[in-house]
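Enquirer: Sequence plus predicted model, see below.
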Amino acid sequence: MKIALYVVLGLIGLLLLLILIAVIRTLLTKPKISAWQPKADPEREKLYAEKLSKMVQVETVSYKGQIQREKFLGFHKVLAELFPLVHHKLEKTEIDGSLLYRWPGKKSDKPIVLMAHQDVVPAEGEWTHGHFSGDIEGGKVWGRGSADDKSPLMAIFQSIEELLADGFVPEQDVYISSSNTEEIGGEGCPKLVEEMKRRGVKPFLANDEGGTIVTEPMAGIPGNFAMVGILEKGQGNLLIKAKSNGGHSSYPPKNSPIARLSKFVCDIEKHYPMKSEFSPQLRTMLSTLSAYGPFHYRLLFGNLWLFKPLLTKLLPVLSPQAGALMRTTIAPTMQSGSDGCNVLPQEATLNLNLRYIPHQDMEESNEIIRRLAAKYDLEVQIQDAYSACEPIDTESDAFKLVEETVREIFPGLPIVPYIMTGGTDARYFEEICPACIRFAPVIYGPEQMKGMHGLNENMETVSLPGAVDYYKALIRKNR
Ligand SMILES: [Zn+2]
């Protein structure tokens, strides 16, 4: 009895000692400060804002199941007017409204692909400026697409336009890949990748949207940060079906389809079936970010050797955003029952939207759902699904090229490898490119975050010159 007590006391003492070490370590390190701020450049801002405005004014909403080639050809006309040299000098291929350009370099063995999509999501509700006004007011360009994703698209074209005007010839081939179906997960980008495959092109780097320069990426961590996407979660839609013989609602049996589906969903909420893990990528992301944060962040995330087990348990409970970075998420999104208010359904369905994490990827996660569904006599039909991407090696030459470019153009801006929970076109390039890096070099403050797929989308004009310079430097540096 006494020995057990000593063991417990000893363990508590050891734990307190470790915590003390962590506290002292944290007190001894000064918090870092992210000092980079964009510099105003009125002349260039005006030129770029006007080009972006014209691009926003063309409505390019994509809808599932529609190709709408004509609409996008109209957008291409505007691009040709805004960027005449690009359209004069580069080889252009158009496939159902998606665009691929090749700028031949002195060599072709290390090509890069600059990516930004043309299409936007629908704009609804009351906005302070028209949905597609392209108004330039208060230092911002307003309208759907101004941030996602026409500002990077403008910056990519403009960077090449300026390099061409200077008579620059790139060392390596440069491609622009711009699909018109990104927002609907359509066939645009896959077709462009097919075309690249047909030509035997193996890009060294594909630089797509994803992370951006984010202001205060976590509450309490001030300043700007280059959030460079190195991992994209997979995604799947699983249709869960419950069947019965139907019947009249005046004498309902137990375990009707809706009851079984409900129990199943409650089970998922109560005993979350997916495993949380602190991946090396998440570790890097949080420890890099927390160095710029208040004491408690630095203590917890700066001493993961001690706090990892606790945080692995606690974070998913405290924050859905943190949970999404640590495990496969399961979101029930759509449901159906019978057509009559007094009819028991012969079949009720539920859609689960899953976002797969590499440590428990598509197959394993789907299998977990299948096993759980069987417990409630439910069938599972996989509608569409794709795996999480292979994480980008932050020691790779491609990542270092992006890192050096950020350092040159945005001096003092911290670089944070970042895990993406949403999808991008870049995943289609994985097949032919080992480094699909997701980073759009524009600034997303709280307003831009809210506007993306939401109301009052806008982009600050002060962020445009840096974006153009980023792509110019990336092209120049790829040798
Ligand atoms: Zn986008």
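Expert: That came through fine. Numbers count the residues shown, from 1 in each chain.
Enquirer: for the longest helix anywhere in the chain, what is the average pLDDT?
Expert: Secondary structure of the chain per DSSP state H: the longest helix is helix 2-28. Helix 2-28 carries an average pLDDT of 91.
Enquirer: before we move on, what about stretch 46-60?
Expert: For stretch 46-60, mean pLDDT is 98.
Enquirer: that older thread, please point out which parts of the longest helix of the chain sit buried.
Expert: By 16 or more other C-beta atoms under 10 Å, the buried positions in helix 2-28 come out as 22, 26. C-beta: built from backbone N, CA, C; applies to glycine.
Enquirer: which helices and strands does that helix pack with?
Expert: The contact analysis (3 or more C-beta pairs under 8 Å, 6 or more residues apart in numbering; DSSP states H and E) places helix 2-28 against helix 295-301, helix 304-318.
Enquirer: what's the closest of the ones you listed to the ion?
Expert: helix 304-318 (26.5 Å; C-beta to the ion).
Enquirer: Please spell out which residues along the closest one are buried.
Expert: Residues of helix 304-318 classed as buried: 304, 306, 307, 311, 312, 315, 316 (neighbour count, 16+ other C-beta under 10 Å).
Enquirer: Could you figure out how far that helix is turned away from helix 2-28?
Expert: Helix 304-318 runs at 90 degrees relative to helix 2-28, counting by axes from the mean of the first three to the mean of the last three C-alpha atoms, to 10 degrees.
Enquirer: hang on, the earlier thing: so can I have JSON lines of the helices and strands packed on helix 2-28 showing mean pLDDT and distance to the ion?
Expert: Converted to JSON lines, the helices and strands packed on helix 2-28 look like this (pLDDT from 0 to 100; distance: least, C-beta to the ion, whole Å):
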{"stretch": "helix 295-301", "mean pLDDT": "94", "distance to the ion": "29"}
{"stretch": "helix 304-318", "mean pLDDT": "92", "distance to the ion": "26"}
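Enquirer: can you redo the ones you listed as CSV with distance to residue 364?
Expert: Compiled in CSV, these are given as follows (distance: least, C-beta to C-beta, whole Å):
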stretch, distance to residue 364
helix 295-301, 27
helix 304-318, 18
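Enquirer: Can you get me a residue count around the closest residue to residue 71 other than its chain neighbours?
Expert: In space, and not counting its chain neighbours, residue 71 is closest to residue 60: 6.8 Å by C-beta to C-beta, 6 or more residues apart in numbering. As a burial measure, residue 60 scores 23 neighbours (other C-beta atoms under 10 Å).
Enquirer: My guess is residue 60 contacts residue 78. True?
Expert: No - using C-beta atoms under 8 Å, residue 60 is not in contact with residue 78; the gap is 10.0 Å.
Enquirer: Residue 23: what's it in contact with?
Expert: residue 299 (C-beta atoms under 8 Å, 6 or more residues apart in numbering).
Enquirer: got it, and residue 141?
Expert: 49, 52, 53, 56, 134, 135, 151, 458, 459, 461.
Enquirer: Report the buried residues of the following helix or strand past the longest helix of the chain.
Expert: Once helix 2-28 ends, the next helix or strand along the chain (criterion: DSSP states H and E) is helix 42-57. Of all the residues in helix 42-57, those buried under the rule 16+ other C-beta under 10 Å are 44, 45, 47, 48, 49, 51, 52, 53, 54, 55, 56, 57.
Enquirer: Quick check, the fourth one in contact with residue 158.
Expert: Yes - look at residue 48 against residue 158 with C-beta under 8 Å: they come within range, at 6.4 Å.
Enquirer: overlap in contacts of the two?
Expert: With C-beta under 8 Å, 6+ apart as the test, residue 48 and residue 158 both reach residue 468.
Enquirer: For the closest residue to the ion within the stretch 151-300 of the chain, grab phi and psi.
Expert: Of all residues in the stretch 151-300 of the chain, residue 209 sits closest to the ion, at 4.9 Å by C-beta to the ion. In terms of degrees, to the nearest 10, the main-chain angles of residue 209 are phi -70, psi 180.
Enquirer: so who does it touch?
Expert: Residue 209 makes contact with 115, 116, 117, 148, 149, 152, 424, 426, 438, 439, 440, according to C-beta under 8 Å, 6+ apart.
Enquirer: cool, residue 418 as well?
Expert: 210, 211, 227, 228, 229, 230, 231, 285, 438.
Enquirer: hey, what's the closest residue to the fourth one other than its chain neighbours bridged with?
Expert: Right, the one you point to is residue 228. Spatially, and ignoring its direct neighbours in sequence, residue 228 is nearest to residue 439 (4.4 Å; C-beta to C-beta, 6+ apart). Bridge pairing for residue 439 (DSSP bridges) gives the partners residue 211.
Enquirer: give me the number of residues near residue 439?
Expert: 24.
Enquirer: my guess is it meets residue 214, correct?
Expert: No - if you go by C-beta under 8 Å, residue 439 and residue 214 don't touch, sitting 10.7 Å apart.
Enquirer: which parts of this protein sit against the ion?
Expert: Contact residues, the chain versus the ion (C-beta under 5 Å from the ion): 148, 149, 209.
Enquirer: how about 6 Å then?
Expert: Listed as neighbours of the ion in the chain under the rule C-beta under 6 Å from the ion: 117, 148, 149, 182, 209.
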